[in-house]
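Novice: coords below, sequence missing:
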């Protein structure tokens, strides 16, 4: 595989991934599925073509839960960590909190889906 390489995985290390190439569509989402999947008011994602993501840990591919007509949420069957979504289309969306280096500029969200789903207290006044 060519291009930049990103690595990450779950809390216990059972599920690991390596993603190659360009991190596309970095965004946050506050839809009810993302909130339930993460337990947080918003979840940050970045997308890769399915063939650019390798599941490299001893656990192989993550467990999945069919969450919509076109996608399944992925997670570690051992520790329960949220890893992302595997779409029917050739896309894997990985949550940015699962990357080993989550501070990369290309992982910073540039849009926010379902912003109206955020709780009223979500925006912290005076926060940087």
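Specialist: Cool, got the structure. Because the structure is a prediction, the values reported are computed rather than measured. Numbering: from 1, shown residues only.
Novice: residues in contact with the residue most central in space within the chain?
Specialist: In the chain, the centroid-proximal residue (Cα atoms, centre = their mean) is residue 95; its distance is 1.7 Å. Taking Cβ atoms under 8 Å, 6 or more residues apart in numbering, we find residue 95 in contact with 38, 43-45, 82-84. Every C-beta, even on glycine, is put in place using the N, C-alpha and C of the backbone.
Novice: now residue 78. Nearest residue, chain neighbours left out?
Specialist: residue 14 (4.5 Å; Cβ to Cβ, 6 or more residues apart in numbering).
Novice: again but with residue 62, I slipped
Specialist: Nearest non-adjacent residue to residue 62 (Cβ to Cβ, 6+ apart): residue 74, at 4.0 Å.
Novice: ok so that neighbour is a helix residue?
Specialist: No - per DSSP: H, G, I helix; E, B strand; the rest coil, residue 74 lies outside any helix segment and is strand.
Novice: quick one: the helices in this structure?
Specialist: With DSSP state H, the ranges of helices along the chain come out as 32-38.
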